[in-house]
Each structure stands twice: as C-alpha cells, then as structure tokens.
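Novice: I would like to see how this sequence folds:
(one chain, ligands or ions: 2)
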Amino acid sequence: MENLQVNQLTKHHPVKRLALAGALAASLLVLPGIGNSPASAQKNERELNYGELIKKVQNDEVKRVELDETEQIAKVYLKNQKPDTPPLQVRLLNQNGELIARLRDKRVDFGESSSTGSRAAVGLLINLMWILPLAALMLLFLRRSSNASNQAMNFGKTRARFQMEAKTGIKFEDVAGIEEAKEELAEVVTFLKQPEKFTAVGARIPKGVLLVGAPGTGKTLLAKAIAGEAAVPFFSISGSEFVEMFVGVGASRVRDLFKKAKENAPCIIFIDEIDAVGRQRGAGIGGGNDEREQTLNQLLTEMDGFEGNNGIIIIAATNRPDVLDAALLRPGRFDRQVIVDAPDRKGRLEVLQVHARNKKLDPTVSLEVIARRTPGFTGADLANLLNEAAILTARRRKEAITTLEIDDAIDRLTIGLTLNPLLDSKKKRLIAYHEIGHALLTTLLEHSDPLNKVTIIPRSGGVGGFSQQIPNEQVIDSGLNTRARMRDGITMTLGGKAAEVEVFGEAEVTNGALSDLKMVTNIARKMVTVYGMTDVGLLALESQNQDVFLGRDWVTRNEYSEEVAVKIDRKVREIANHSYQEARRIIRENRDLVDRLVDLLVEQETIEGEQFRQIVSEYTKLPEKELAKSGV
Ligand code: ADP
Ligand code: ZN
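Specialist: Ligands and ions are numbered 1, 2, ... in the order given. Below is the predicted model:
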C-alpha cells in the first residue's frame, strides 16, 4: 500500500528515520530553545582543555584516550568514570606529539578513532579542488579544437568511475526476506550459467532487469548475489555518476563500461539510481538536460547494440520507476521489472537471522520479538540495528548483545542519540506534562496503540522527550487504517498540547507542539481529501503525487473548486477541534492521575508501558487492547 498511510500511523512509533523523519518528530516534544541549550551546556561540562588533560594524565586519572585526527579531538576516558558515561572531549591544537609522548610515558591506552582514510580523502579533496578547475580549463580549451569530442571521450575514459568485482562472494542465502524477488531472479542465474538451455529452444535471453524498491531494501545486494551465484564478474556504477558537468563525459562512460563488460562476458552490469540518467526526456522544468539526454541515448544505443545472447545482463535499480523514460522500459531493454519491498515481519526475522550469524547474541534475545518491534525497517536498517547494538555492547564491556542494547539501538536509530537528562526545572515539568498527555491518551483511547514507554531523557535533534507506542504490525504491514484509529491518533497527538494548556494555561504553551499540530492537520486533511471519510464527499479529492520537480506530474492541479476548498478547510478544523476538546476533557477529568504520573516521570525520567498501565488502572478502567498480539 502507499506510504502516506503508513506514515501517518507511525508518527509516534519507532519506525525508521529515513522515510519518516518528518513524521516521527511528531510525538517528540521538539523545543528548539529547550532542547538545544542544555545540550550545549552539557557539552561544555564534558569538555576539558589541553592543560587539564595533561594534568589528569600526570595524575594517573586517565584510563584511555582516543585521538580523532580529522576532527582534532581527543576523547578521554577516566579511570573513575562509569562504563556508560560518554568520554570527555579535548580540542587538540596540533600538540599531539607532546600528548602522545606523555601518554606513552604514563602507559595510558590510546588509539585513533578516525581512519586515516578519511584524512587521505580530505587531502584528496583539497587536491581535487585544484585539479578540477584546471581540468575544466583544459577541457574547455580542448573542446574548442577540431577533435573536441574525441578528447572528451578520452577524458571520460581515464576517469572511469565504474567498479568491477571479479567475485562478489555474495550468495542468495545472504539475501533474506525478499523471497519473491529472489525467485524471479533465480532464472537470471541460469541465463548466465547455461545460456545454451535457452538459446537451444530459440528463447531470447532478457538484457535488462529493473529492480524497483526503496533504498536499503537490498537491491544492490541482490544484484551482487546473482553475480555471486553465477560466478561472473560484477560491474557497477551509479546513475548519478554518469551525469557530469561536461557534456559527453557521461556518454563516454557508458561506452567504456559496455566495452569492458563485453571483454568480460558473461557478466552483470549494475546501474544504481538509474532514474538519475533515465528520467523522462524533455520533461524537466526549465528545459531538458543535454548531458543527461546524451547519456541516456548512449545507454539505449548500447543496449540495442549487443546481441541478447552475449552473456551480459544489465540490472538497474530505482525507487522511482514512474519517472523513467518509456524508451528504457521497451522490450529488449529493461522489460523485466522486479519489485523489492521492505520486508514484512517474517522477512525481517530472516534478515535478522542473516545478520545475527556473525554476532554474539545473549540467549535471552529473541529475534522474533525484534522483528515484531521493527515494522517499516528495511534490510539495511536491520543490519544497521544489529551493528549498533553490537557497538553498544562492546562499549558497555559486555560479553554478548542483550535485549537492552537492542532496545537502545532501536531508539537511537529511530529517534536520536540520548543526551544527559535535564535538571529538575519548570522546563522539565512542562515537557513531562506534554509527554504524559500523549502517553495517557494513548493508554485511555480505545483505538490507539498501547504505550511502550514515555521518557523525558532528551535526544539529539532538539527532542525533549517522547511517548512511544507499540506499533500495530498488522496495520503497518497492510497499510490499512480505520477512521476510528485516525481519530484517536489525532486526539492522542493533541494530548501534549492539551495537557500543557490544562496545567499551565494558554499563555504558557510552548512551540513544542508545533510538529504535533502539523501532523494533526496532515492526517485530518487526508481523512477529508484522500480517504473520503467525511461528509465533504466520497471522492478522493487530491492525488497523492506531490513531488513537483520530478518531471512528469509537475502540473498536478487540485481537482476541486474554491468552494470545495473552503469546505475542506472547515472540515479539517472541525476534526482537529473536536479531538482537541476531547483530549482536554480526558486530561481534565484525570488531573490527579496526570499529576502523579508527571511526578513519577520527573523522578524516573522513563516510565515503561507496563508500569504506566498499572498506575492508570488504579484510577480508571483500561480499555481492552490487543496487547498480546503486539508481543512486546
Ligand atoms: P539498496 O541497494 O536497495 O539500497 P543495499 O543492497 O545496498 O540496498 O543494502 C545495504 C545493506 O543492507 C546490504 O549490504 C545488507 O547488509 C543489508 N541488507 C539490505 N537488504 C537486505 C536483505 N534483504 N537481506 C539481508 N541484508 C540486507
Ligand atoms: Zn507532542
């Protein structure tokens, strides 16, 4: 199903940051002033100056030092610090020699945390900054001369950007959770291994396969697995690398790439982000892009130019098949399309199993539970999750990854890094009321997902705290949502502001509810205009495609009149208002409970769902919810 619906639902859920970045901020109390200042204040606290560091080294207080050369920072771990407090930071001003000598002297453990690779890269960049303008000048000069195109071609050739891997070493068993795509592509392996099988009966072997799916779903991995299974070389290039600033370079890269591939056939050519070159021609706003068109034309020519049976199969990846030039999709080119979806729960479990193979997991960790907790995560997100958990485990000096590290890694990936808690203050209480507002409503509303936890430990990105629900995997995986759920979602989202207003009055309301309000407007509008859930009409009034600069649909007109627009606005307001009153009523009627929860939250900083429900049930009856199914 389409993403928007899923997005709406997951606003308050731990779902991957990439696609839902805007969405997620919703239940997080974002207080620019509040969120940032303590963070920077804390930073100062965690900073040492160089002299202090030397003193601490002399006094044998330092346990370990990590030098980050690129950033010119030393991270200092003291002997008496708790295992999971972050290190102190010291700015280095090129006195490292002295520092290192002293560290050696005192036998303090030290290492470099940034790779010299990145340093080399910086160096290279600086060099390139000189070389590029020079090269540009040279090229301009050359292009004026009679054999310009020839020279440009050589230029492209010498800087060929495609990679070749003789053996990818990746097998189908390394790709998990996308069974259908794998099955469809198993045949391609046979094409490469035993083309006779097909040519003997006169079958034409396909030249191009288009993999369609969101970033991180494993498209590159899949293409590599095909090459690995068939034991053929793997050539890869990204569409964006074709598009250079010099006309003709892209086209010459395409020529080079195919030339090399032909020399190494049978093989796979993988073109990532093909939409960067393969976008519909002549549809861009403000005229076409010469360079891109030339590159695309060259690509088409090459694809037509080789016989279907010479053992080269081109696999391209995109997440925007709708913007591709129709010529690319014609028979004999990328005429096979394979959808690579984000995995469902079973798929997520399989991906986790693949990536857990080389990790040390505590026996109490259940991959099944992690799979349930991570709807919306792609294969890459899951791989990243286990890796983050492993890093946390190492940092905490534990033997194996436990559920605690997994949970922390999930929050880290979906919400942000934790910062130190605020000191008790009005600010802290205000954030607590806001978050308790969300948390209480999600617990009391019948069609709202159960609370996982509520916390006021701030996180990077100006997040003052958040209230997190246990996602309803059925809804997320199917993308189907009901009107009752949307309504309760809106009410819950307004709970933060409602609590602030009930307790502190209108005048004190912060801008922390801004993202909440945006989200509410967004859902309410969709209920009216897209899902036809209100009396404004049964029509889907707005098309879903709102990307303006993507070429094709840039003139999406609103399909309704001024008069209807006014009606829509009124309806959206009505929905939001109704929910807001409802939220305020519930907070008001449970004021004692709210105050008690806030006191507890200020003290504990985090309340888990279980404890929260326990307390709420002492005051009022809890609605029946499908807790069991959510499995956390
Ligand atoms: P895409 O090309 O779709 O953006 P990648 O293939 O580059 O995604 O995925 C990045 C990494 O994420 C892979 O190298 C792999 O470690 C992990 N990954 C992604 N999808 C899967 C999957 N289906 N099974 C196992 N690992 C996966
Ligand atoms: Zn909020």
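Novice: Neighbours of the closest residue to A498 other than its chain neighbours, how many?
Specialist: If the residues on either side of it in the chain are set aside, A498 comes closest to A583, at 3.8 Å by C-beta to C-beta, 6 or more residues apart in numbering. (Each C-beta comes from the backbone N, C-alpha and C, glycine too.) Neighbours of A583 under the rule other C-beta atoms under 10 Å: 27.
Novice: any idea how far G489 is from A583?
Specialist: Distance from A583 to G489, counting by C-beta to C-beta, to the nearest Å: 12 Å.
Novice: can you give me the helices for the stretch 151-300 of the chain?
Specialist: For the stretch 151-300 of the chain, the helices defined by DSSP state H, counting those that start in this stretch occupy 179-193, 195-199, 219-230, 239-242, 249-263, 275-278, 290-305.
Novice: Would you single out the least confident of the ones you listed?
Specialist: Lowest mean pLDDT within the helices of the stretch 151-300 of the chain: helix 239-242, a mean of 78.
Novice: so, in contact with ligand 1 or not, that one?
Specialist: No - judged by C-beta under 6 Å from any ligand atom, helix 239-242 stays clear of ligand 1, getting no closer than 12.4 Å.
Novice: for that helix, packing partners?
Specialist: Judged by 3 or more C-beta pairs under 8 Å, 6 or more residues apart in numbering; DSSP states H and E, helix 239-242 is in contact with helix 249-263, helix 275-278.
Novice: Going by neighbour count, list what's buried in that helix.
Specialist: By 16 or more other C-beta atoms under 10 Å, the buried positions in helix 239-242 come out as 239, 241-242.
Novice: Nearest approach to V369 belongs to which of the helices of the stretch 151-300 of the chain?
Specialist: helix 179-193 (22.0 Å; C-beta to C-beta).
Novice: picking that back up, of the buried residues of helix 239-242, closest to ligand 1?
Specialist: G239 (12.4 Å; C-beta to the nearest ligand atom).
Novice: How much space separates the residue nearest to that closest one when sequence neighbours are not counted from V188?
Specialist: Among residues not flanking G239 along the chain, A276 sits closest, at 3.4 Å (C-beta to C-beta, 6+ apart). Here the criterion is C-beta to C-beta. By it, A276 lies 24 Å from V188.
Novice: For stretch 99-108, give me every contacting residue.
Specialist: By C-beta atoms under 8 Å, 6 or more residues apart in numbering, the surrounding residues in contact with stretch 99-108 are 50, 53-54, 57-58, 60, 62-65, 67, 74, 92, 110.
Novice: Tell me, how many residues neighbour V566?
Specialist: Using other C-beta under 10 Å, V566 has 10 neighbouring residues.
Novice: Can you tell me the SS state at it?
Specialist: helix (DSSP: H, G, I helix; E, B strand; the rest coil).
Novice: same thing with I315?
Specialist: strand.
Novice: For it, give me its contacts.
Specialist: By C-beta under 8 Å, 6+ apart, the residues touching I315 are 188, 208-211, 223, 226, 268-271.
Novice: quick one: pLDDT of it?
Specialist: Looking at I315, its pLDDT stands at 94.
Novice: Could you list everything it pairs with in the sheet?
Specialist: V209, F270 (DSSP bridges).
Novice: cool, and I607?
Specialist: Here I607, judged by DSSP bridges, has bridge partners V454.
Novice: Isn't it up against A439?
Specialist: Yes - counting by C-beta atoms under 8 Å, I607 does reach A439; the two are 7.5 Å apart.
Novice: what's the overlap in contacts for the two?
Specialist: Common contact partners of I607 and A439 (C-beta under 8 Å, 6+ apart): 454, 597.
Novice: Compare those two and say which is more crowded by neighbours.
Specialist: Legend: neighbour count by other C-beta under 10 Å for I607 and A439, higher for A439 (34 against 24).
Novice: So what's the residue count around H447?
Specialist: 17.
Novice: chain center to stretch 204-219, what's the gap?
Specialist: Offset of stretch 204-219 from its chain centre (C-alpha atoms, centre = their mean, to the nearest Å): 21 Å.
Novice: The chain should start at 7 in everything you say after this.
Specialist: That works, and once the first residue is 7, the last one we named lands at stretch 210-225.
Novice: Let me know whether that stretch sits next to ligand 1.
Specialist: Yes - counting by C-beta under 6 Å from any ligand atom, ligand 1 has neighbours in stretch 210-225: 219, 221-225.
Novice: what sits against G117?
Specialist: 70-73.
Novice: Most neighbours out of those, which is it?
Specialist: That'd be V71 among those, by other C-beta under 10 Å, with 24 neighbours.
Novice: All the strands of the stretch 457-606 of the chain, in order from the start?
Specialist: For the stretch 457-606 of the chain, strands defined by DSSP state E, counting those that start in this stretch occupy the ranges 457-461, 472-475.
Novice: circling back: ok, so of the buried residues of helix 245-248, who is nearest L628?
Specialist: Among these, and counting by C-beta to C-beta, the member closest to L628 is G245, at 52.6 Å.
Novice: From I184, how far out is the closest one?
Specialist: In terms of C-beta to C-beta, G245 sits 22 Å off from I184.
Novice: How about T626?
Specialist: Taking C-beta to C-beta, one finds T626 at 45 Å from I184.
Novice: For the two, indicate the residue with more neighbours.
Specialist: Legend: neighbour count by other C-beta under 10 Å for T626 and I184, higher for I184 (27 against 14).
Novice: In space, what's closest to the more buried one - neighbours in sequence excluded?
Specialist: V346 (5.5 Å).
Novice: The one you found and E190 touch, don't they?
Specialist: No - taking contacts as C-beta under 8 Å, V346 lies outside contact range of E190: 10.0 Å.
Novice: Using TSV, lay out the contacts of stretch 105-114 together with pLDDT, distance to ligand 2 and secondary structure.
Specialist: As requested, the contacts of stretch 105-114 are exported to TSV (pLDDT from 0 to 100; distance: C-beta to the ion, whole Å; DSSP: H, G, I helix; E, B strand; the rest coil):
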residue	pLDDT	distance to ligand 2	secondary structure
Y56	79	42	helix
L59	81	41	helix
I60	81	46	helix
V63	82	45	helix
Q64	83	49	helix
D66	83	47	coil
V68	83	42	strand
K69	83	40	strand
R70	82	40	strand
V71	81	40	strand
L73	76	41	strand
A80	81	38	strand
L98	74	40	coil
F116	76	43	strand
